[in-house]
Structure formats: C-alpha cells, structure tokens
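Enquirer: Structure, please.
(2 chains)
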Amino acid sequence: NAGVTQTPKFQVLKTGQSMTLQCAQDMNHEYMSWYRQDPGMGLRLIHYSVGAGITDQGEVPNGYNVSRSTTEDFPLRLLSAAPSQTSVYFCASSSRSREKLFFGSGTQLSVL
Amino acid sequence: AQSVTQLGSHVSVSEGALVLLRCNYSSSVPPYLFWYVQYPNQGLQLLLKYTTGATLVKGINGFEAEFKKSETSFHLTKPSAHMSDAAEYFCAVTKQGAQKLVFGQGTRLTINP
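Expert: Next comes the predicted model:
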C-alpha cells in the first residue's frame, strides 16, 4: 500500500496563477481532508469529504475548491493564487471511525 | 466549539531526561484526544489516542499520555528522551461522530546531547 500520495512536493506560483494539488489514497477510506500548516498556527482544515460526491468547508476554505468524484482522489484547486496561500499543504484520510488520520508527505507551496 | 492549547511552542530537554509536553482542551462533550508527531519534512503520524476506557494510554516509541477530565488535560510524557524524539508534536481533539479534527499549535521538541 502506498497510503496517501500527494503531488507535487514543491511548487512555486506567481500571484494570480491557478493550480491543482493532487491527493490519492489506496486504503478505501471514506474520509479525506486538506490542511494547511503555517508556523505557530498548527494545522487548519481547508475542506473535507465524507465520501464520493460529498464535500464541505473547513476552517479556512476561501480561495480553494475541492471535488470528490472517486473514493481514491481528492484534489485541491487554488483558483487565483495569493501570497497568503504560501504554506505547506497536507492531505489526510481516514476510515469511517475517524480514529486515525493518515497523512501524505505534504506539498510546499510558495506564491510570489 | 472544541479547541486545543499546547503550552510551549518549543521544549528543549537533555538526552535521557523526562519529556513532558502539555496539552489542554476545551470540549462540551466527551472528547476524543490525539497526539501526532511530525518528523522533519514528513507528514504527521499518530503517536497515541484516547477515545474511551482507560485514561492512561500508551503509544509508539515509549510515549504515553493521561486523560484528566478534571483538569481538561492530555499531557504527553516519555521517561527518557532519545535523540530520535526530536520532532514537532501536535495535540488534537474531536468528538464521536464529528467530521473535523482540531489541532493545537504544535510544540517543537529539541533533544540536547
């Protein structure tokens, strides 16, 4: 099992550009989520999904879109990148019990 | 709403010394509590969790934590620090059936030789 796979590992964007961060899991998990990690602020939930076709907003959803067309994939789209979106992004998944989150290795994004 | 406060953004201990990382939570319902560890340039991995039952829970790498309802605390301890314990540690809270896990700000643990 690969677990949770995120791509790319690093990305540099210019202000206003759009891009998609990819996330895939091979554990047949219902629940998937995106977090951003900023120094001194811990991890903050951006969006999450409890199953294919179902998504909802987290704590900091503005500027980001998600979709969940399959159980395996949960891409995160930045519509028009801003410097405030410079961060490390983590995708995580879990089974229905939610008792353990499995994290990807992260994407380091810089917006200039 | 649930919340977590980790006391101390940076803790430094000597190799072989006791490790104590503090976590206090706020929850109006019985909480589920977690400690995650993040090694440099990696994602987070679960260290231990409390859901129900025994209030002293043991995790990987010799760590343990005790749920104290009266103190709304879930402090993480290890009797003897090892150099490999250097990492960032996150406390998190949720509740049964909830969709969201709320993380604390993190505590960076440094081990001095």
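
Enquirer: Contact residues of chain A facing chain B?
Expert: Those residues of chain A that sit near chain B, judged by Cβ under 8 Å from any Cβ of the partner chain, are A:4, A:31, A:35, A:40-45, A:48, A:50, A:56, A:58-59, A:90, A:92, A:98-101, A:103-106. All C-beta atoms are positioned from the backbone trio N, CA, C, and that covers glycine.

Enquirer: Quick check: the gap between the residue in chain B that chain A sits nearest to and A:Gly106.
Expert: Among the residues of chain B, B:Gly43 lies nearest to chain A; the distance is 3.4 Å by Cβ to the nearest Cβ. B:Gly43 sits 6 Å away from A:Gly106, going by Cβ to Cβ, to the nearest Å.

Enquirer: which one is the residue nearest the centre of chain B nearest to, not counting chain neighbours?
Expert: Residue closest to the mean C-alpha point of chain B, counted by Cα atoms, centre = their mean, is B:Trp35 at 3.5 Å. Distance criterion Cβ to Cβ, 6 or more residues apart in numbering or on different chains; nearest residue to B:Trp35, sequence neighbours excluded, is B:Leu47 at 4.3 Å.

Enquirer: in chain A, which segments are predicted with low confidence?
Expert: The model of chain A has pLDDT under 70 over residues A:1.

Enquirer: Tell me who's in contact with A:Ala82.
Expert: Going by Cβ atoms under 8 Å, 6 or more residues apart in numbering or on different chains, A:Ala82 touches A:15, A:63, A:111.

Enquirer: That one and chain B: what is the separation?
Expert: 23 Å (Cβ to the nearest Cβ, to the nearest Å).

Enquirer: wait, what's in contact with the residue of chain A found nearest chain B?
Expert: Chain A approaches chain B most closely through A:Phe103 (3.4 Å), counting by Cβ to the nearest Cβ. Going by Cβ under 8 Å, 6+ apart, A:Phe103 touches A:4, A:90-92, B:43-45.

Enquirer: still on that earlier bit, secondary structure class for the residue nearest to B:Trp35?
Expert: Following DSSP: H, G, I helix; E, B strand; the rest coil, we place B:Leu47 in the strand state.

Enquirer: Report the contact partners of B:Leu7.
Expert: With Cβ under 8 Å, 6+ apart, B:Leu7 has these contacts: B:22-24.

Enquirer: for B:Thr5, same thing?
Expert: Residues near B:Thr5 by Cβ under 8 Å, 6+ apart: B:23-26, B:104-105.
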